[in-house]
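>>> coords below, sequence missing:
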């Protein structure tokens, strides 16, 4: 009986250890910052490239929290021909930074919180206008097409148009 009891205790201890090991591995696997979350989504390659060109990667990987109004690749494709290529040139870096920081709001602002706002101040220092009706949220001229994509250091709201500071 002692050998059987000892084996049961060992199996129970092994099950507990395995549970905590799996739990800790799965927690590590889902830990992603805003940049990694956007990169892994697959529809923000232009945004990620622009963030890299503007040297904003470390900021958006930082502690935050931040709310990112993330234009899709299709949103960038709607810009006038040559605009994106021009913005990505080193001599236009400050203009790119101004545009990208206009897409970032300090703090973690969820869709539920956005519904009660009429504007939000961006990291750029200017404010975006917010309106909503019938479950459609507009940020300036952009429509939010997916809300509350959570990251470790903030939240992403996917938009269909690149916002331009005033």
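Perfect, I can see it now. Keep in mind the model is a prediction, meaning the values are calculated, not measured.
>>> can you give me the helices for the protein?
For the chain, the helices defined by DSSP state H cover 2-30, 34-41, 45-53, 57-61, 73-77, 83-87, 93-101, 111-114.
>>> Mean pLDDT lowest where, among those helices?
Per-stretch mean pLDDT for these is lowest at helix 2-30 (a mean of 43).
>>> Could you tell me what pLDDT the model assigned to residue 135?
At residue 135, pLDDT is 82.
>>> Name all residues that make contact with it.
Applying C-beta atoms under 8 Å, 6 or more residues apart in numbering, we find residue 135 in contact with no residue. Just so you know, the C-beta spots here come from the backbone N, C-alpha and C atoms, and that holds for glycine as well.
>>> What's the separation between it and residue 90?
Per C-beta to C-beta, to the nearest Å, residue 135 is found 42 Å from residue 90.
>>> ok, and for the longest strand that the chain contains, which residues are buried?
Ranked by number of residues, the top strand in the chain under DSSP state E is strand 142-151. For strand 142-151, burial by neighbour count (16 or more other C-beta atoms under 10 Å) applies to 142, 144-145, 147-149, 151.
>>> counting contacts, what elements does that strand pack onto?
helix 34-41, strand 66-71, helix 111-114, strand 136-139, strand 154-159 (3 or more C-beta pairs under 8 Å, 6 or more residues apart in numbering; DSSP states H and E).
>>> Out of those, which gets nearest to residue 103?
Closest approach to residue 103 among the helices and strands packed on strand 142-151 is made by strand 66-71 (4.5 Å; C-beta to C-beta).
>>> Sheet-wise, list the partners of that closest one with their directions.
Here strand 66-71 has these sheet partners by DSSP bridges: strand 104-106 (antiparallel), strand 154-159 (parallel).
>>> contacts for that strand?
For strand 66-71, the external contacting residues (C-beta under 8 Å, 6+ apart) are 34, 38, 44, 46-47, 60, 103-109, 120, 123, 128, 139, 142, 149, 153-163.
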